[in-house]
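Engineer: Here's a sequence, model it:
(one chain, ligands or ions: 1)
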Amino acid sequence: MDNHWKRFIKGESVESEVTPSIYRSWQRSLEYHVDHSLVSHQDILTSARLSERRDSQESLIRASEPVLPYIFSLLGSTNYTVLLGDNEGYIIEAVGDAPFMSKAQKVNLSPGASWREEVRGTNAIGTALRENAPMSVFGWEHFVHDNHFLACWAAPIQNSQGLPLGVLDISGEANPDRQKILNIAMMGASMIEKNLRLFELENQLKFYQEGSRLASSLLQQGFLTIDHNGIITSINSYGARLLGRKQEDIIGKLAGEVFSTPKGWILNGHSLNLHLKDSTGKEITSHLNQVFNEAGQSIGAVGTLQIKKETPLSNSLWIGNSQLSQRTLARASKISSTHSSVLIHGESGTGKEIISRTIHKLSSRSQGPFVALNCASLPASLIESELFGYVDGAFTGARRGGKPGKFELANKGTIFLDEIGDMPLNVQVALLRVLQEKEVSRIGDTKALKIDVRVIAATHKDLSALVSAAQFRLDLYYRLKVVTLELPPLRERSEDIRDLVPYFIDKTCKSLGLPPLGIQEDVYTYLLAHSWPGNVRELENCIESMVALADGPILTTADLPDEILQSVENTQASTEPLLDQQTKQAIIYALNQTKGKIAPAAKLLGIGRNTLYRKIKDLEITF
Ligand SMILES: Nc1ncnc2c1ncn2[C@@H]1O[C@H](COP(=O)(O)OP(=O)(O)OP(=O)(O)O)[C@@H](O)[C@H]1O
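Structural biologist: Below you'll find the model as predicted:
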């Protein structure tokens, strides 16, 4: 068979009779002017240069260390050597049996020699590197005649981009089992590649760990990481100080031991707010987010710890961080420092009572009572006696000893009159008198009692229209609307849903004595798309029923009430396409953020101003 080689050397055409990769390499060997009749003694490193080279290839050598002897042991015969070459074909490591290695040494197949094609013509190491593919080169396929006694198999060792970093070679004396040994060489190369990737990941991990250690040491808040077993794997010194313990006393402990949270929470929720106290009793707020791997399994949680700031609004009962909510709260806070009557307008369930309680809590009357009366829930005949009370025997059916009215009960505090639009006209007159004279007389009594009460009235109706229809007194209307507050419906501040939902889940779990529940992100797609005609009350009811009926530790779309699923699916199917709805929401959000300014809103959305104008027009957005 070495006829092929001889004929090629003589210059005859053998292209169709030789393996293409071997033929290509022979051609290259000719171009490099490799002498086919002589063993080259070029490109052999001195031992000092070889050790420098090995130092520069430290990770390749470390990654191969366990692999070379293992591959040698698989060969099951001693007539082989297993070699590691670097990316320039220099042999930097060899494992093998002495008799064969000494034969190999005669042709410089030993550490220090480069087996690049340019120097030694066609050979497994050089040709595998050049072709960047596994190669076997047998006997006469070697370009240099003296190498014809060799049978060699080599596989490149590649980096993650597929570029060769080195080569694993198995050389022996002619062996017919070409594919089997090539497979072993390929397996060895892939084991080395895996080890190299592992080293890379270890380095990356060290890098990130060091980066996050440095960054978290600079943070003016606590930072902690918890693994999927619930063990605290790191906490910065600020966080440890907050908890009044040493870092080393916290790291390695179960989160449940440090935070005394219900067992198993870490695997249940997607995010969690822990409520803790520091060593001096100050409240610490925390926010932990779970981290998931690509398969969606929890691999732990990272989060922050902070001392809860005592802002005036921390007394607020209002949940929601949307721009509109923040504006509402800021206005409520201002109102709380005045003594005027307040008229709150908003759709049913938007939180008129909650905001009234907040105004009361923030005001100088906070130590006094907050008394609420829903004018729509009582028959007209009873409202007056509820408001002003009565004396013994004031009317048939009156309670013995009389009864104080809500105004009396609210003295030094706040009275909240919900659904004021439903107040009968005769009671409106009496109310106006109380407001003007700041005194109240129980029904059937001649004495008047001085009272100091702030009135907050609320309605979902258009009071000015009721005034025009002569159903509401103009003078009372003006008395009440000294200060007004408009509560936006939930559909206009849907970002609040992301704050309200975890709050309601938490609240319901506590009231039902259940462990904290998580919620799947998909559920929000529905909650955000629903129009919530019943506003926050409807959302609260929805979450309450989901929690009560939930099957697992995480609320999923399967737990959504049918009416929400249907209403969202109907809107999506019939009227606006989902994309339009979401675009609309994004635009409303951006306009809220930028207080209606077009240029910054367009920037926030990443679109041009003209496109934004067009979309506002097309989607009929009003702002
Ligand atoms: N911003 C909010 N944060 C927390 N809970 C809220 C908020 N807004 C409303 N809620 C809850 O939603 C429910 C309805 O709120 P509220 O009674 O204050 O609304 P309303 O506007 O007074 O309703 P209605 O006009 O029907 O009386 C209550 O259970 C309240 O706790």
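
Engineer: does W318 count as helix, strand or coil?
Structural biologist: Under the three-state scheme (DSSP: H, G, I helix; E, B strand; the rest coil), W318 adopts coil.

Engineer: V455 now?
Structural biologist: Per three-state DSSP, the local secondary structure of V455 is strand.

Engineer: Just give me the neighbour total for the residue of the chain found nearest the ligand.
Structural biologist: Using C-beta to the nearest ligand atom, the point where the chain gets nearest to the ligand is G351, with a distance of 2.7 Å. Just so you know, the C-beta spots here come from the backbone N, C-alpha and C atoms, and that holds for glycine as well. Residues contacting G351 under the criterion other C-beta atoms under 10 Å number 25.

Engineer: Looking at the nearest residue to it once chain neighbours are set aside now. What's its pLDDT?
Structural biologist: For G351, the nearest residue in space outside its immediate sequence neighbours is V536; the separation is 5.4 Å by C-beta to C-beta, 6 or more residues apart in numbering. What the model reports for V536 is a pLDDT of 97.

Engineer: check contacts around V536.
Structural biologist: 349-351, 490, 496, 500 (C-beta atoms under 8 Å, 6 or more residues apart in numbering).

Engineer: which one of those is nearest V455?
Structural biologist: When the contacts of V536 are compared for distance to V455 (C-beta to C-beta), G351 wins out at 18.6 Å.

Engineer: check contacts around the closest one.
Structural biologist: Under the criterion of C-beta under 8 Å, 6+ apart, the neighbours of G351 are 318, 487, 535-536.

Engineer: now it: how far from I621?
Structural biologist: For G351, the distance to I621 under the criterion C-beta to C-beta, to the nearest Å works out to 24 Å.

Engineer: and what of L500?
Structural biologist: L500 is 23 Å from I621, where distance means C-beta to C-beta.

Engineer: With P369 instead?
Structural biologist: P369 is 44 Å from I621, where distance means C-beta to C-beta.

Engineer: what's the answer for Y478, then?
Structural biologist: In this view, Y478 and I621 are 34 Å apart by C-beta to C-beta.

Engineer: and K412, backbone torsions?
Structural biologist: Here the main-chain torsion angles of K412 (degrees, to the nearest 10) amount to phi 70, psi 10.

Engineer: count of residues packed around it?
Structural biologist: Neighbour count for K412, taken as other C-beta under 10 Å: 12.

Engineer: Kindly report the same for the one 4 residues further on.
Structural biologist: Using other C-beta under 10 Å, the number of residues around F416 comes to 27.

Engineer: What strands line up against the helix or strand where it lies, and which way round?
Structural biologist: Under DSSP states H and E, the secondary-structure element containing F416 is strand 414-418. Paired with strand 414-418 in the same sheet, following DSSP bridges, are strand 370-374 (parallel), strand 454-459 (parallel).

Engineer: okay, these, which one's buried deepest?
Structural biologist: Between these, the one whose residues have the most neighbours on average, counting mean count of other C-beta atoms under 10 Å, is strand 454-459 (a mean of 25).

Engineer: just checking, next helix/strand downstream of it?
Structural biologist: For strand 454-459, the following helix or strand on the C-terminal side (DSSP H and E) is helix 463-468.

Engineer: Using PDB, write out every CA atom in that next one.
Structural biologist: Extracted as PDB, the C-alpha positions of helix 463-468 are listed here (Å, rounded to 0.1, in the frame of the first residue of the first chain):
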ATOM      1  CA  LEU A 463     -72.200  65.200  43.600                       C
ATOM      2  CA  SER A 464     -72.400  68.200  41.400                       C
ATOM      3  CA  ALA A 465     -74.900  66.400  39.200                       C
ATOM      4  CA  LEU A 466     -76.900  65.500  42.300                       C
ATOM      5  CA  VAL A 467     -76.800  69.200  43.300                       C
ATOM      6  CA  SER A 468     -78.200  70.100  39.800                       C
END
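
Engineer: which of the residues in it are buried?
Structural biologist: For helix 463-468, the neighbour count (16 or more other C-beta atoms under 10 Å) marks 463, 466-467 as buried.

Engineer: What mean pLDDT does that helix get?
Structural biologist: Helix 463-468 shows a mean pLDDT of 92 in the predicted model.

Engineer: Show me what the next helix or strand after it is packed against.
Structural biologist: Elements were assigned by DSSP H and E; along the chain past helix 463-468, the next helix or strand is helix 474-480. Packing partners of helix 474-480 (3 or more C-beta pairs under 8 Å, 6 or more residues apart in numbering; DSSP states H and E): helix 425-437, helix 463-468.

Engineer: Give me the contact list for the last one.
Structural biologist: Read it as helix 463-468. Among residues not part of helix 463-468, those counted as contacts by C-beta under 8 Å, 6+ apart are 343, 345, 420-421, 472-474, 477, 481.

Engineer: mind redoing it with 10 Å?
Structural biologist: In this structure, residues lying in contact with helix 463-468 by C-beta atoms under 10 Å, 6 or more residues apart in numbering are 343, 345, 420-422, 457, 459, 462, 471-478, 480-481, 484.

Engineer: List buried residues within these.
Structural biologist: Burial by neighbour count, 16+ other C-beta under 10 Å: within those this picks out 343, 345, 420-422, 457, 459, 471-473, 476-477, 480-481.

Engineer: Do me a favour and get the end-to-end distance for stretch 365-374?
Structural biologist: When the termini of stretch 365-374 are compared using C-alpha to C-alpha, to the nearest Å, they are 21 Å apart.

Engineer: meant to ask about stretch 467-487
Structural biologist: End to end - C-alpha to C-alpha - stretch 467-487 spans 21 Å.

Engineer: What is the distance between it and the centre of its chain?
Structural biologist: A distance of 47 Å separates the centroid of the chain from that of stretch 467-487, by C-alpha atoms, centre = their mean, to the nearest Å.

Engineer: Whether that stretch contacts the ligand - can you check?
Structural biologist: No - in terms of C-beta under 6 Å from any ligand atom, no part of stretch 467-487 sits within range of the ligand; the closest distance is 6.6 Å.

Engineer: follow-up on the earlier one: helix or strand: which one has the residue nearest to G351?
Structural biologist: Using DSSP H and E, V536 falls within helix 535-549.

Engineer: V302 too?
Structural biologist: Short version, using DSSP H and E: V302 is in strand 298-307.

Engineer: could you point out which element follows that strand?
Structural biologist: Following strand 298-307 in sequence order, the next helix or strand is helix 323-336 (DSSP H and E).
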